[in-house]
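Engineer: here are the coordinates; sequence isn't available:
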């Protein structure tokens with residue numbers, strides 16, 4: 001992303017747009033003082049970027065966020081730094097802080113990390129899985145399918161993540177999923193763009209069922225093959241989406 005400059009009229013329009021986005025993503029937000037404020041604000045800002053409520057190029061005003069939440073600027077600054085470390089925000093010393101563009105390189109890198117870690121996860125899960133795990137995964141898939149049919153895309157994405165997270169948890173590998181979740185931040189920004197496409201959600205569900213079928217048989221090789229095919233399909237679809245109009249303008253090399 002290049003350093004951002006604009007004329008007076010442009011600044012006025014950008015300010016109004018930023019205020020609208022800020023109001024939207026903070027609307028209804030409430031903070032629990034018993035939980036670190038930094039972590040809660042991090043979650044709010046990250047989710048707003050991942051779901052597109054804060055679009056590429058949108059300014060991040062730490063002072064305004066702190067004001068609207070009724071807190072000091074310190075936890076906001078710490079949260080923004082954490083989101084910046086994931087490549088979702090860029091800070092320009094002379095121009096301000098902005099939501100980063102979607103990076104093709106980071107998307108591809110996220111898939112490399114995710115495939116490597118999840119292949120190890122599912123390899124172990126195929127040995128450790130029990131009947132109750134299979135049933136829980138079936139329930140997750142069914143909930144995912146219902147969300148897609150009802151066009152509840154935020155919910156569909158959450159259930160998609162639940163499926164992959166649960167497989168890691170079968171092995172007790174909660175840290176593995178945390179690493180995957182952080183590394184796939186750029187990838188997540190593309191998911192709401194692709195889900196409304198005809199058949200996109202159903203393809204994912206069918207692939208999840210193929211993964212589960214292999215897991216239920218404790219078929220390590222089959223589960224790994226099904227998972228790799230699933231994630232590679234997702235990467236191809238994501239890159240094709242980013243290259244296509246009208247979303248190609250959000251992509252940087």
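Structural biologist: That came in fine, so what should we check first? On a predicted model such as this, the values are computed, not experimentally measured, just so you know. Numbers count the residues shown, from 1 in each chain.

Engineer: OK, contacts around the closest residue to residue 230 other than its chain neighbours?
Structural biologist: Once flanking residues are discounted, residue 230 sits nearest to residue 207: 4.0 Å by C-beta to C-beta, 6 or more residues apart in numbering. From N, CA and C alone the C-beta is placed, and that goes for glycine too. Counting by C-beta atoms under 8 Å, 6 or more residues apart in numbering, residue 207 touches 226, 229-230, 233.

Engineer: give me the element residue 35 is part of.
Structural biologist: Under the assignment given by DSSP states H and E, residue 35 is not contained in any helix or strand.

Engineer: Tell me the confidence at it?
Structural biologist: We note a pLDDT of 91 for residue 35 in this prediction.

Engineer: roughly how far apart are it and residue 145?
Structural biologist: Noted for residue 35: a distance of 33 Å to residue 145, by C-beta to C-beta, to the nearest Å.

Engineer: Kindly report the same for residue 171.
Structural biologist: Counting by C-beta to C-beta, the gap between residue 171 and residue 145 amounts to 25 Å.

Engineer: Please settle this for me: is the residue nearest to residue 230 part of a helix?
Structural biologist: Yes - when DSSP: H, G, I helix; E, B strand; the rest coil is applied, residue 207 is found to be in a helix.

Engineer: Let's see the pLDDT reported for the closest residue to residue 88 other than its chain neighbours.
Structural biologist: For residue 88, ignoring the flanking residues on the chain, the nearest one in space by C-beta to C-beta, 6+ apart is residue 49 at 4.9 Å. For residue 49, the pLDDT comes out at 90.

Engineer: thought residue 49 was touching residue 84?
Structural biologist: No - assessed by C-beta atoms under 8 Å, residue 49 is found out of contact with residue 84, at 10.8 Å.

Engineer: the more surrounded of those two?
Structural biologist: Taking other C-beta atoms under 10 Å, residue 49 and residue 84 do not tie; residue 49 has more neighbours (25 against 16).

Engineer: Who are the contact partners of the more buried one?
Structural biologist: Contacts for residue 49 (C-beta under 8 Å, 6+ apart) come out as 83, 88-89, 99, 189.

Engineer: In which helix or strand does it reside?
Structural biologist: Residue 49 is part of helix 37-50, with elements assigned from DSSP H and E.

Engineer: What is the helix or strand encompassing residue 189 packed up against?
Structural biologist: Residue 189 is part of helix 185-194 when elements are defined by DSSP H and E. On a contact count with 3 or more C-beta pairs under 8 Å, 6 or more residues apart in numbering; DSSP states H and E, helix 185-194 meets helix 37-50, strand 102-103, helix 104-128, helix 153-170, helix 220-243.

Engineer: Could you pull up the residues touching residue 176?
Structural biologist: Counting by C-beta under 8 Å, 6+ apart, residue 176 touches 117, 120-121, 168.

Engineer: Please repeat the previous calculation with a cut-off of 7 Å.
Structural biologist: Contacts for residue 176 (C-beta atoms under 7 Å, 6 or more residues apart in numbering) come out as 117, 121, 168.

Engineer: rewinding a little: quick check: of the contacts of residue 49, which lies closest to residue 112?
Structural biologist: Set against residue 112, the nearest of these by C-beta to C-beta is residue 189 (17.3 Å).

Engineer: Residue 100 is in contact with the closest one, correct?
Structural biologist: No - using C-beta atoms under 7 Å, residue 189 is not in contact with residue 100, being 9.4 Å away.

Engineer: These two: which has the busier surroundings?
Structural biologist: Neighbour totals were compared for residue 189 and residue 100, and residue 189 leads with 26 against 22 (other C-beta under 10 Å).
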